[in-house]
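**Q** everything below, folded, please.
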Amino acid sequence: MFKMEVYTSDSSDTESREQKTLDYGRMDLTEITLDDDLHAKKALKTHKDFETLMLNHNRLVQLPASLTKFTNLKVLDLSSNRLVQLPDAICNLPLVTLIAKNNQLTNKSLPKSFMMRSVTLKELNLSGNQLTHFPEQVVELKQLRYFYAGGNKITAISKDIWRMQSLQVLSLGGNLISDVPEVVGSLSQLQALVLCDNLIENLPASIAHLNSLKSLLLHKNRLRHLPKDIIALKNLTELSLRDNPLVVRFVQDIAMTPPSLMECAARVIKVSSIPYGPGILPRTVIEYLQSANCCVNPNCKGVFFDNRVEHIKFVDFCGKYRVPLLQYLCSSKCIQPEPERPQTSGANGYMMRKVLLG
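**A** Got it, this is the predicted structure:
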């Protein structure tokens, strides 16, 4: 399972950060018990002294009104509660990071605007909720860097997403998205695009314009081909394609059809360096021999004409490779097996897979 969730912090001093953090995580609190405790805390320390408030893994259905007293709050973690509403008042806080994943939020549950007071929101996590469409108010956040909305029921990506020019991570895996709009290709700062576990059949050619893209996760979709210009993504180091018809079909069709007698004979002539020329062979046969292509396998001296294997390497799990790399081989035997490597947590089999396209 891919995980790229970046929780930002302005303070590099751990001790100072801990002093400014109020942690109510995993305390089985309701909004009533939380509100009572927040009022009690005022005698010990004023609300404005806290910059991080952890309310994760409780039983909150709604947020207490006293939350708005944290006038210097930068990070708010509301994950894994039972929230059915994020009030508009939350936008009065100068939040940089808002984490509200794994709740019961719908599109109607969200604030009318996510524009935070005085400080622009940099990270928003709405994963694991009940959103049915891309929250349009999110596209207002022109300085947002990280947006997570995986594990919802979103059916489409907003065509106004091009406005989010600061976006570095867009994570929308585990939704019901069937189409990726062309405007996604205009997100020039995007480094990670997570679209796994959706219903996507095609990618727009504009994906090739994402020059900063390093990670593209597309596993568990309905892809049958990739845009040919995807090879222009020079910074791409991680591409996940497993469980797509693209991969399944190529694996099933791994066997080559036998080469023709003409090709077999021509291969022998080229590999064995048998002399030929006018007066020995017909002109059409000579032209055929001159069209020979060398196998890209450095350990193979073979050639091919019409019959070949199209071979592409791509990264799965947590491997690293510049992809896709398309090669033409004279035989399926020319595919060099990947050496065994120690398995790492969450990776089954080889960290690198090779898939035949043919």
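**Q** what about the chain, any weak spots by pLDDT?
**A** Across the chain, the ranges flagged by pLDDT under 70 are 1-19, 39-45, 117-119, 248-257, 311-326, 335-358.
**Q** and the strands in the stretch 151-300 of the chain?
**A** Using DSSP state E, counting those that start in this stretch, the strands of the stretch 151-300 of the chain run over 169-171, 192-194, 215-217, 238-240, 293-294.
**Q** now those in CSV, with mean neighbour count and distance to residue 62?
**A** Yep, even glycine has a C-beta here, placed from its N, CA and C like the rest. As requested, the strands of the stretch 151-300 of the chain are exported to CSV (neighbours: other C-beta atoms under 10 Å; distance: least, C-beta to C-beta, whole Å):
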stretch, mean neighbour count, distance to residue 62
strand 169-171, 21, 26
strand 192-194, 23, 30
strand 215-217, 22, 34
strand 238-240, 23, 38
strand 293-294, 14, 67
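**Q** would JSON lines of the ones you listed with distance to residue 227 be doable?
**A** Below are the strands of the stretch 151-300 of the chain laid out as JSON lines (distance: least, C-beta to C-beta, whole Å):
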{"stretch": "strand 169-171", "distance to residue 227": "18"}
{"stretch": "strand 192-194", "distance to residue 227": "13"}
{"stretch": "strand 215-217", "distance to residue 227": "11"}
{"stretch": "strand 238-240", "distance to residue 227": "13"}
{"stretch": "strand 293-294", "distance to residue 227": "24"}
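**Q** select, out of the ones you listed, the one closest to residue 100.
**A** Relative to residue 100, the nearest member of the strands of the stretch 151-300 of the chain by C-beta to C-beta is strand 169-171, separated by 14.2 Å.
**Q** and the closest one, how far out from the chain middle?
**A** Chain-centre distance of strand 169-171: 6 Å, with C-alpha atoms, centre = their mean, to the nearest Å.
**Q** counting by contacts, list what it packs against.
**A** Other helices and strands packing on strand 169-171, by 3 or more C-beta pairs under 8 Å, 6 or more residues apart in numbering; DSSP states H and E, are strand 146-148, strand 192-194.
**Q** what's in contact with the first one?
**A** Outside strand 146-148, the residues that touch it by C-beta atoms under 8 Å, 6 or more residues apart in numbering are 5-6, 8, 101, 122-127, 138, 141, 164, 167-171.
**Q** next one: the spatially closest residue to residue 233 that is not a sequence neighbour from residue 206, what distance?
**A** Closest residue in space to residue 233, ignoring its immediate chain neighbours: residue 213 at 5.5 Å, by C-beta to C-beta, 6 or more residues apart in numbering. Distance from residue 213 to residue 206, counting by C-beta to C-beta, to the nearest Å: 12 Å.
**Q** ok, those two, which is more surrounded?
**A** Taking other C-beta atoms under 10 Å, residue 213 and residue 206 do not tie; residue 213 has more neighbours (25 against 17).
**Q** show me the contacts for the more buried one.
**A** If you count contacts by C-beta under 8 Å, 6+ apart, then residue 213 has 190, 191, 192, 193, 207, 233, 235, 236 around it.
**Q** mind listing what's buried in stretch 144-160?
**A** Within stretch 144-160, the residues that count as buried by 16 or more other C-beta atoms under 10 Å are 144-152, 154-155, 157-158.
**Q** quick check: the farthest pair among those residues?
**A** Distance extremes for the buried residues of stretch 144-160: the farthest pair is 145 and 155 at 24.9 Å, using C-beta to C-beta.
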